[in-house]
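Asks: Have a look; sequence and predicted model below, questions after that.
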Amino acid sequence: DYAGAFINLATAYIKSNHHEKAIRKYRAALQLQPGLTLAYNNLGSYLHEIGELKDAKKNYEKAITLKPNNAEAYLNLAIIYKEAKLYVEAIAAYEEAIKLDPGSHNLFYNNGTCLQEIGKLKDAKKNYCNALMLEPSYAEVYFKLGQLLTILGQFEDCFKHYRKLSSLAPDDPRVYNDLG
């Protein structure tokens with residue numbers, strides 16, 4: 001499998017900081033197998049890493065076009081949108097990823113943070129709760145949920161979540177700042 005070999009070479013070039021060579025190897029893999037979504041996803045991730053967001057986005061979109069059930073490509077696209085503070089677009093991409101991978105607590109958490117940013121607080125709360133159902137020891141969710149519950153005026157629930165956070169991350173000063 002020559003396309004796979006080019007992907008492996010690209011990975012090696014990335015590790016040795018040869019950016020242009022890595023990009024050329026990914027593109028060589030795609031010339032051999034234009035439908036290889038792994039190469040589009042990997043190239044997109046690498047381009048994202050080096051700050052080429054427009055090209056990264058194009059590669060994720062191509063991966064999705066070729067394989068619409070590609071949760072990883074939706075996740076990567078959502079991350080780009082979230083970093084650009086394009087929360088509505090990020091939410092749409094996270095929600096597609098959630099449909100394809102409903103067992104990922106990280107997808108629910110990140111979708112919740114975007115929903116909270118645009119003021120959809122009840123939807124954010126639902127996503128945070130889903131994240132906690134999937135991963136009850138996810139400390140960061142307890143923090144974000146505690147903040148959200150404070151905004152909603154649900155102080156009893158807020159304290160309950162901060163207490164849980166303090167048991168999971170006793171050295172996290174944010175807990176004590178928010179409780180104080």
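Replies: All right, it came through fine. Residues are numbered from 1 along each chain as shown.

Asks: Any buried residues in the helix or strand containing K125, and which?
Replies: Per DSSP states H and E, K125 falls inside helix 121-134. Using 16 or more other CB atoms under 10 Å as the test for burial, helix 121-134 gives D123, A124, K125, N127, Y128, N130, A131, L132, L134. For every residue, glycine as well, the C-beta is placed using N, CA and C.

Asks: helices and strands around it, which ones?
Replies: Packing partners of helix 121-134 (3 or more CB pairs under 8 Å, 6 or more residues apart in numbering; DSSP states H and E): helix 105-117, helix 139-152.

Asks: So, low pLDDT: which residues of the protein?
Replies: Applying pLDDT under 70 to the chain flags the ranges 175-180.

Asks: now with 80?
Replies: Across the chain, the ranges flagged by pLDDT under 80 are 1, 172-180.

Asks: how many other residues sit next to the closest residue to R27 other than its chain neighbours?
Replies: In this structure, R27 finds its nearest non-sequential neighbour in L43, 7.4 Å apart by CB to CB, 6 or more residues apart in numbering. The burial count assigned to L43 is 28, neighbours taken as other CB atoms under 10 Å.
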